[in-house]
Structures are given as structure tokens and as C-alpha cells.
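**Q** Sequence and computational prediction follow.
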Amino acid sequence: MKRSLQLNPDNRPATWANIKHWRDTHEVAPVATAFGVFDMDERSDARMAGSIEQFDSLPTLQAGKLTWKRADNSYIALTKAELQSVHSEAKLNRATRGAVLHVKAEQFRQMDPAPTPAQLSDLSFWLEE
């Protein structure tokens, strides 16, 4: 029986498709704020914006606060001003991270050899200076 050695695909140089996949995945990853880490993908962003807009009419409002779920599934009660602060900070942090990811993706594409998919799967690898 003949044996063959095969390289783990996660350890091969990444393709442009791999780089774009991880860039897009990391762009919508949870975002840190002063009130904790929150999901901030498009749907979460729209949900938070809608809740801020309709804050005083929401049936789940209790004592002027709305209970919101963080990315780690813990809950926090927030006033309208606090929720607006979380939303603004999260949007800024997401946009900042997105700009970094956009530039890094092109840098990774031009590297020879390219980073591996295993490296690209780690967000901290993208954010290294």
C-alpha cells in the first residue's frame, strides 16, 4: 500500500477567495463598547437602530430601561441614551475595523507566500501592526 503525504488545507497559502471570506467574516464580528461586546452585523445594527427610534413605545421597556443582549448572551438594562451610546460606539468601531480589514486584505493578497487560512481565521492576526 502506497502512502502519500497531504498538506492540511488550512496550512496552505490562502487564495484570494479565502482572504475575502475572512475579511467579510471579521467585518461583522461582535464589537467592543464601553458597555460590553455587542453583535453588530447588519441585522443587529438595524434592530438596535429601530429600538432606539421606537424606544418609548416598546412593550419590553421597564422603568425607563430596555434589556439588551450582549454578544456573550449576557443581558444589560440600558436607558435610551445608553443604547444610543452603544450603537454609536459600535458603529464607529465596526467601521474602523472594516477600514483596517480592507487594507489588510490587499496586503495579504500581495504577500508571497500568502498567509494561511488558519492565520486568516484569527481576527487578531488581521489587527496586528
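**A** Cool, the structure landed.
**Q** For this protein, which segments count as strands?
**A** Ranges of strands in the chain, per DSSP state E, are 31-33, 36-38, 66-69, 75-78.
**Q** and Trp22, which of these is closest to it?
**A** strand 31-33 (17.0 Å; CB to CB). C-betas here are computed from N, CA, C, even on glycine.
**Q** and that closest one, which strands flank it?
**A** Sheet pairing here is set by DSSP bridges, and for strand 31-33 it gives strand 36-38 (antiparallel).
**Q** Can you tell me what sits against the partner strand?
**A** 30-31, 44, 48, 68, 70-72, 74, 76, 86, 90 (CB atoms under 8 Å, 6 or more residues apart in numbering).
**Q** Arg43 - how many residues pack around it?
**A** 10 (other CB atoms under 10 Å).
**Q** show me the contacts for it.
**A** Taking CB under 8 Å, 6+ apart as the test, Arg43 contacts no residue whatsoever.
**Q** Mind pulling up the pLDDT for it?
**A** Note for Arg43: predicted pLDDT of 96.
**Q** any idea how far it lies from Ala17?
**A** Arg43 is 24 Å from Ala17, where distance means CB to CB, to the nearest Å.
**Q** For ChimeraX, write a command that selects the buried ones of the contacts of strand 36-38.
**A** A single ChimeraX command selects the buried members of these (16 or more other CB atoms under 10 Å):
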select :30,31,44,48,68,70,76,86,90
